[in-house]
Structure formats: C-alpha cells, structure tokens
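> Provided below for reference: sequence and predicted model.
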Amino acid sequence: MSRFYYYLILVNMVANIIACVPAILLHYHKEGTVTSMLLAVILGTALVTIFTRFFNTFPERTLPELLQKTTTKWFYLPFVFFLAVMWFIAGLITMVTFTFLLNRFLSPEMPIIQISLMIILSAIFGCLMKTDRVLYTIEIILLITFPLILFIFYKAYSSNNLEWDYVKEAVLYVNQLPNLHSFSACFFLFLGAANLLIFNRFFAKKQTFGWKQVILIAVISISTLFTSYFIPIGFNGFENIDELVYPWISTSDSLRMEFFIIERVLYMFLLFYLGIAFLSILIHWHVSFEFLKFVFNLDEIKFKGKAIGKFIPIPFFIIISLFFVYQLNEYELFRYTSYFYNSLIIIFPMMTMLLFFIKRRMKYIEQTNQK
Amino acid sequence: MSKQIKNNLSVVLLLLTFILLTGCEFKDIDKDVFVAMIAVDKSDEAGKSYKITLKLYEPTSSFKQMPEPTYSYITESGETISEAVRLLESYSDKKLEFGHSKLIVIGEDLIKEDKSKEILDFFLRRPDIQMISWMAVGRPSAEEIIRLVPQGETAAYPELFNYFDDNGTESQYIITTYLFDFRRNMKSAGVDPILPIIEINHEESHFEINKSIVFRDKKEPYELNSLDTSLFNILSNSTDNADFYIKEDEHYLIVKIDSVKAKKKVQVQNNSNLKLDIEINLSGYIAESKKQLVNKQLPYYNKLFKKEAEKQFNDFFSKMIKGGYDPLGLELDYKSQTFHNRQMSNEEWEEALENAQINIIINPGLKSTGVIQ
C-alpha cells in the first residue's frame, strides 16, 4: 500500500490517545476491557481488510461516485448526508476534547471560544484544500511531530517509575467477558481506513493488500492499544485509575526529562498532540466536506461566475462546533462520545454489506458494458 | 483586476493582519511570582485544620547583583488547603504561579492524623501542580523546613532539590517519592507508600535526610531508621551505593557497595502458604579496616559479609512483616500473578504474610581490598 494510506490509519489511532478512548477503557478496567481489546483487534483488522480490499478494486473512485452508479437517488443522497454528519461528529469530538485540554492545561486565561475558534478556522482552511494536498499536509505534520511523540512513548516505557506489576495485575483481568463500551471505543481506532470513502480518490495506482499489510496493521493497532491502556496503569496504579479524567495527561505529567528541552513532559506532549489532533480533525472534516459537496452539488453553485458553493458549509460547521464547545461539560462529552462509538459498531458492519452489494452491481454493470 | 493590483492588495491585507498580533493573552512574567515549595502543617488556630506556607522566589535583575539566594514567605491557615491558598493570593501583589513548585513538604503533626488523602486531593485536582513534584515529611514542622536557607546555597536553585533529583548527592539514605508515585501507592492496594523525612540540624544549619516513613491504611505511620531506609533503597533497586559494617573475630571491616541488584519473588504454596524468595547481588570493595587485610583471603571476607548482610536483611523483613507494613509491594507482586477472582482477601493475605517463610540469598561480590592490602 501507498504510505499515505498508512498515514490515514496511523493518525486515527494515535489521535485517540488524547481523546476519550483511554478514559472509556480505564473506566471499565475491572469489567472486561482486556478481552474487549483482543476482540477489537481481530474484528477491527478484518474490517480494515474488507474496506481496503474493496477500494483497491476501484482505484480513484469514491464511495459517493460508486453509489451513484449502483443505487437509486432516494437512497444514496440521504445516506451520504448521514455519513457527512457522522464524520463531522468524529472531528467535533476531537476538537471539543482538545479545546478542553488546552483550556485546562495550556492557557487557562484564554476564553474557551477563542481557543476553539483557532482550531476550527485552521482545520476548515485545511478542509477546503484538494484531497491530495490534504494528504501532503498530513505527511509534513506527521514527519515533524510523530518522532517526538514516539520519543515520549520511549521515555515512558524506559522509565524506572513504570511499575510493571500493576500492568500484570491489569492483564490478569483477561478472564472476563468483553464489555460493549470498551469494545466500541477500541473499534473506533480502526476506522481510519474508512476515510478511504473519500481519500480513495488519491490512490490511482492498483495497490496490493496481502497478509503482510494485514499483519502490519494488526501490529500497529496492538501496540497502540497496549500503550494507551497499560502505560497509564503502570504510572497511576490499577485501583482507582478510573478517577483520572484525562489519563494520558496525568501519565505524561508523571514523566520527567531532566536533560531535554523542558523537564515537564506534559507541555511537550500537549504541543505535539496539538499537531496530531489537528490532523485528525482535518481528515474527518475534509471527508465530511466532500460528502456535503456531493449531496448538495455545491460545486455547481455560482455567484457572478465564481464557484462559492464550497464555502457554504463553513458557517454551519463553525456555529455548530462553537455551540457544542459552549454547551457540553466533560461528563456529557464522555457520555455522548461513548454513545457515538457504540453506534459505529452497528453502522460499519452494515456498511460492509453495502460494499458487497456495490461490488456485485459493479460487476454486473461491467459485464453488460462489455456485451 | 490585473494581477499586479491583486498582488498589491494581498500584501496590504497581510500587513493589516499584523494589527491582530498585539501580544499574548498570557500574563507577563513580571506579574507572576513563582512558588518554590509548598509546606502543609497542622494549624494552631481553632477551627482551622491546615496551615499553608509558600516559599516564593524573589525576582532579581541579575545574578551578579544578588549572588545570595533570596526568598519570601507567606503563611495562612484555613479549614481546607484551597481556602488558605485563596487568602494567600491576596497577600502577594503578583499572581501565585504553582507550576514551578517542585517540592511538597507535609508537617509531622499532620502525618499522624491520617489526612493524607484529603491533602492529596488538592494537589491532584489542580492542573498546574506538577505530578513530578517531590513529596517529603518535615520534622519538626514543614514550615521550618522550607524557611531554612542552608549555608552555601546558591541562588535560583534551592539546595533541598539537589537531595532528590539524582543529580547531586546519591546517598543511599535518601528516598525519592514523586507526587504521582505517592498517589498511585496510596490509592491502590499492594504497595504502602513511603516518604522521606527531612530534619534540620540547627547548629550547623543544614538538612538531614536519612529516615523515612511508611503509610498504611488504618494504621499508625511507621518510621524507618537510617539503616532500614538504606536497606529499603537496596531492595527496591533505587540506589547503587551501600555500606555495611562487619564486626566479627577481631575483624572490623567497612564494605563499600557500588553495584546492587535485588530480586524479590512471592510464591504461593497450597493456597495459603507464602514463600518469599529474596535474592540480592551486592558487589564492591573493602573501604576501611582496622587490621591489615590479605588479598588471598577475599573469599573469607565475602563469607563474613554474606553473614552480616543476611542478618541485617532478615531483621528488616521481620520488622516489616511483624508490623504489617509492606513498602516493597509484596502484595502487589502476589496480585500480579494471581487471577483477581482467586485472590485471598485482605485479612487472609495479612495472616499469610505473617506466617510467610522468608528465604534470603545474598550473593556477595567483594572484588578488592581497596588500593592497599
């Protein structure tokens, strides 16, 4: 696969360490999180494989285009609009969580609306770019921030203060049945591949997706899940771990770098994650924008001969985001996020069925064309 | 519109945006005063529980102007820590900035009252207090500890920090406990948290940090003397230095250890019988002797050393187990190898630990008699 494909997967996985995923996992630390994680790795990798294989057979085609060819209008227009809303919410969750974090830890004196507006505007500016430009942006930002984030993880793993006995204690809760909420939170990590719905436009060449790639994705996901769940336990203990609101913030604050840029790792961690969170919002909202463009045919809307259509969703994005930043409190954010993740584990398996349907129809269309 | 005009217009627009760059929303640094240490004591006033003292860095314009360290102190009592801090904020003309405070000292009187969880809550809940601040117990009171500026202290970096940050002294008697570490062991069963005790030598005006104190739920805190503190440090692999005194058969040797490796293992037999396997590798050389030594006899000295070390560690373990304290995390070790639904209850565990069979193996590694024989 092209390296850009892995960026999509990687950003979605790594960005969730800062979002609600670890908090949800740790909340159910005594109710089957470990088995949920194992189950999610198996089912998630399967889902990634199905999505990627499907889009590999149709290079340069996006889902809306395929739907247009194979299904009727009354089905695909509402469906694509629904997808646009889903992707918007996914970006919104990252945005609201990160706004709260910045407000709490980095600049408590700044009004929360101003912080969120800063993120929203820069993300929207990115969303308006062409799909290939978005991927190039992702590459540049990842190249800058990701090695440093890996370095912080390395510091965490090599720290003397990481108590492996707590980790072992947590692992021993493996003899429990999986838990729905933990499972859906883990499952969300794998949905980076679903961005292919739009980003497949970029992948023109025929790609291979064999066992090697599947194993690579499984390995990346296992190490991400392991890091995001067990490292906070190693630093903060097993009992009462669920009282931490931002487990990874507390964990990065427990790290000490005596001889590097600054001693308190928390600020470096927040700063680098600002980059990753921005990418996550950018990807989700770009997909959402493209869906909206398709549904409302925004490219056709012209004012005095200039295409202004693509700017129409911007005020809606800004107003809805600001509304939620203003309205939600931390508890509601976590609860609604959990509901959102739960809904995804119903929607995405159903979408794989839709993909099979499209594939058969396409085959049929091709056959009739050949005749 | 021609391209030229368009370009010019965009330059003008760009220049206009500079108006927005008027500076940062942050408070200027000279409007902040940085807290160096926080002391929490028991209050003498009726109806108030805590007395908070803050050590503040006094800003100086240059090091040459003020080579001596200068600090200011503010104190206030309150029913909760926040109440006191809120009043303290009105005593200073600048904003109190807690983000750079690196040490939290708790008074000895307060320790006896079993209020650690209440105190911890304040420090954990505030986002600006570092989780990597050190924690310590102050004797006779926390306030006296942070008010002391010892001889020879340099400006800008309080001497007290050097004791803990593994950069200055590396004494085996000093225990380093971070705030997150203390919270972790406090809130989860398995390890009893331990804090160093800071004392003051008034005549010479310097600190003495060589004792420590172990906390356990629903029990009086237990104080470890200097020897036990160093043994604890060896057992938890947090030091590489140690000294042992050997007094046997007209020999009086002092052994200097420079490499320590300790392994501990809890084994469960027949569901309730515990066996503790402790293996400690100690290697080093002989630092001092009252008699002339012979190189050839190193195996003999090793034997003496082994005997002495075994005795000391046995004493340490029997003291800990008899008292029911577990700073080494034996219970956690047990929990990390037993499924949660098959673990014994707390009472069963305490009883099992009391009857545990302790097996200490010392691997002595005296390699030299020093520079002379």
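Right, received. Where do you want to start?

> Any residues of the stretch 151-300 of chain B in contact with chain A? List them.
B:165-167, B:178, B:180-181, B:183-185, B:187-191, B:238 (CB under 8 Å from any CB of the partner chain). In this view, the C-beta of every residue, glycine as well, is placed from N, C-alpha and C.

> B:Asn295: how many residues sit nearby?
9 (other CB atoms under 10 Å in any protein chain shown).

> Now do the contacts for it.
B:Thr369, B:Gln373 (CB atoms under 8 Å, 6 or more residues apart in numbering or on different chains).

> repeat that with 10 Å
B:Tyr301, B:Ser368, B:Thr369, B:Gln373 (CB atoms under 10 Å, 6 or more residues apart in numbering or on different chains).

> Could you do B:Asn271 as well?
With CB under 10 Å, 6+ apart, B:Asn271 has these contacts: B:Arg342, B:Met344, B:Glu348, B:Ala352.

> Setting aside sequence neighbours, what's the nearest residue to the residue in the stretch 201-350 of chain B that chain A sits nearest to?
Proximity of the stretch 201-350 of chain B to chain A (CB to the nearest CB) peaks at B:Ser336, 3.6 Å away. Take B:Ser336 and drop its neighbours on the chain: the residue closest to it by CB to CB, 6 or more residues apart in numbering or on different chains is A:Lys168, 3.6 Å away.

> what residue ranges in the chain are flagged as low confidence?
Here I'm looking at chain A. Scanning chain A for pLDDT under 70 picks out nothing.

> ah, no, chain B please
Ranges of chain B meeting pLDDT under 70: B:1, B:21-27, B:63, B:66.

> same for the longest helix anywhere in it, what does it pack against?
What stands out as the longest helix in chain B, according to DSSP state H, is helix B:298-323. The contact analysis (3 or more CB pairs under 10 Å, 6 or more residues apart in numbering or on different chains; DSSP states H and E) places helix B:298-323 against strand B:222-224, helix B:226-235, strand B:242-248, strand B:251-269, strand B:273-289, helix B:330-335, helix B:346-354, strand B:357-368.

> remind me, longest helix of chain A?
helix A:330-370.

> hang on, the earlier thing: taking the residues of the stretch 151-300 of chain B next to chain A, tell me the two that lie furthest apart.
Greatest spacing in those, by CB to CB: B:Asn167 and B:Ala189 (33.2 Å).

> Those two: which is more packed in?
B:Ala189 (18 against 10).

> Which of the three states applies to the more buried one?
coil (DSSP: H, G, I helix; E, B strand; the rest coil).

> The contacts of B:Asn271: which ones sit near chain A?
B:Arg342 (CB under 10 Å from any CB of the partner chain).

> Would you verify that B:Ile38 is located in a strand?
Yes. Note on B:Ile38: a strand contains this position according to three-state DSSP.

> Roughly how far does the spatially closest residue to it that is not a sequence neighbour sit from chain A?
The shortest distance from B:Ile38 to any non-neighbouring residue, by CB to CB, 6+ apart, is to B:Ile104 (5.0 Å). For B:Ile104, the distance to chain A equals 15 Å [CB to the nearest CB, to the nearest Å].

> which helices and strands sit right next to the one helix or strand B:Ile104 maps to?
Using DSSP states H and E, B:Ile104 maps to strand B:103-107. If contacts are counted by 3+ CB pairs under 10 Å, 6+ apart, strand B:103-107 sits against strand B:32-42, strand B:50-57, helix B:116-125, strand B:134-138, helix B:142-147, helix B:159-164, helix B:179-187, strand B:194-201.

> Go through those and pick out the most buried.
strand B:134-138 (a mean of 25; mean count of other CB atoms under 10 Å in any protein chain shown).

> How is chain B partitioned into domains?
Domain assignment for chain B by automatic domain parsing gives B:28-224, B:237-373.

> Just the terminal-to-terminal distance for the shortest one.
It refers to domain B:237-373. Its first and final residues considered, domain B:237-373 spans 30 Å by CA to CA, to the nearest Å.

> what distance separates that domain from the middle of the whole chain?
Its chain's C-alpha centre and that of domain B:237-373 lie 22 Å apart, by CA atoms, centre = their mean, to the nearest Å.

> residue contacts, B:Phe182?
B:104, B:116, B:120, B:123-124, B:131, B:133-135, B:193-195, B:215 are the contacts of B:Phe182 under CB under 10 Å, 6+ apart.

> Leaving out chain neighbours, which residue sits closest to A:Val14?
Using CB to CB, 6+ apart, the nearest residue to A:Val14 is A:Ile276, at 5.6 Å.

> Next one: that neighbour from B:Ala39, what distance?
39 Å (CB to CB, to the nearest Å).

> again, but for B:Ser133
12 Å.

> where do the contact lists of the two overlap?
Shared contacts of B:Ser133 and B:Ala39 (CB under 10 Å, 6+ apart): B:Leu103, B:Ile104.

> ok, A:Thr23 - contacts?
You called it Thr, but residue A:23 is Ala. Contacts of A:Ala23 by CB under 10 Å, 6+ apart are A:97, A:185, A:232, A:242, A:244-248, A:330, A:333-334, A:337-338.

> can you give me the helices for the stretch 51-200 of chain A?
A:63-70, A:73-101, A:112-127, A:131-158, A:164-171, A:180-188, A:196-199 (DSSP state H, counting those that start in this stretch).

> Provide the angle between the direction of the fourth one and the direction of helix A:112-127.
What that stands for is helix A:131-158. Here helix A:131-158 points in a direction 120 degrees away from that of helix A:112-127 (axes from the mean of the first three to the mean of the last three CA atoms, to 10 degrees).

> near chain B, anything from helix A:131-158?
No. Under the criterion of CB under 10 Å from any CB, helix A:131-158 makes no contact with chain B; the nearest approach is 12.3 Å.

> what comes up buried for that helix?
Using 16 or more other CB atoms under 10 Å in any protein chain shown as the test for burial, helix A:131-158 gives A:134-135, A:137-138, A:141-142, A:145-146, A:149, A:152-153, A:155-156.

> Same check on the second one?
Neighbour-count burial for helix A:73-101, counted by 16+ other CB under 10 Å, picks out A:76-77, A:79-80, A:83-84, A:86-101.

> Give the other helices and strands that it contacts.
Checking 3+ CB pairs under 10 Å, 6+ apart, helix A:73-101 ends up next to helix A:3-15, helix A:63-70, helix A:112-127, helix A:196-199, helix A:265-296, helix A:313-327, helix A:330-370.

> between that helix and helix A:3-15, how big is the angle?
50 degrees.

> can you check the third one too?
With the same axes, to 10 degrees as the criterion, the two stretches helix A:112-127 and helix A:3-15 enclose an angle of 170 degrees.

> buried stuff in helix A:112-127?
So for helix A:112-127, counting by 16+ other CB under 10 Å, buried means A:Ile112, A:Ile115, A:Ser116, A:Leu117, A:Ile119, A:Ile120, A:Ala123, A:Ile124, A:Gly126, A:Cys127.

> from the residues you listed, which are also near chain B?
Answer for those near chain B (CB under 10 Å from any CB): A:Ile115.

> can you redo the buried residues of helix A:112-127 as TSV with distance to A:Lys371?
TSV is the format used below for those (distance: CB to CB, whole Å):
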residue	distance to A:Lys371
A:Ile112	62
A:Ile115	60
A:Ser116	56
A:Leu117	57
A:Ile119	53
A:Ile120	52
A:Ala123	48
A:Ile124	47
A:Gly126	45
A:Cys127	42
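
> quick one: which of the buried residues of helix A:112-127 is nearest B:Ile257?
The closest of those, once distances to B:Ile257 are taken by CB to CB, is A:Ile115, at 53.7 Å.

> Can you give me the neighbour number for B:Lys319?
B:Lys319: 15 neighbours (other CB under 10 Å).

> now swap in the one 3 residues further on and tell me
For B:Lys322, the neighbour count with other CB under 10 Å is 9.

> number of nearby residues for the residue nearest to it when sequence neighbours are not counted?
Nearest residue to B:Lys322, sequence neighbours excluded (CB to CB, 6+ apart): B:Glu354, at 7.5 Å. Neighbourhood size, B:Glu354 [other CB under 10 Å]: 11.
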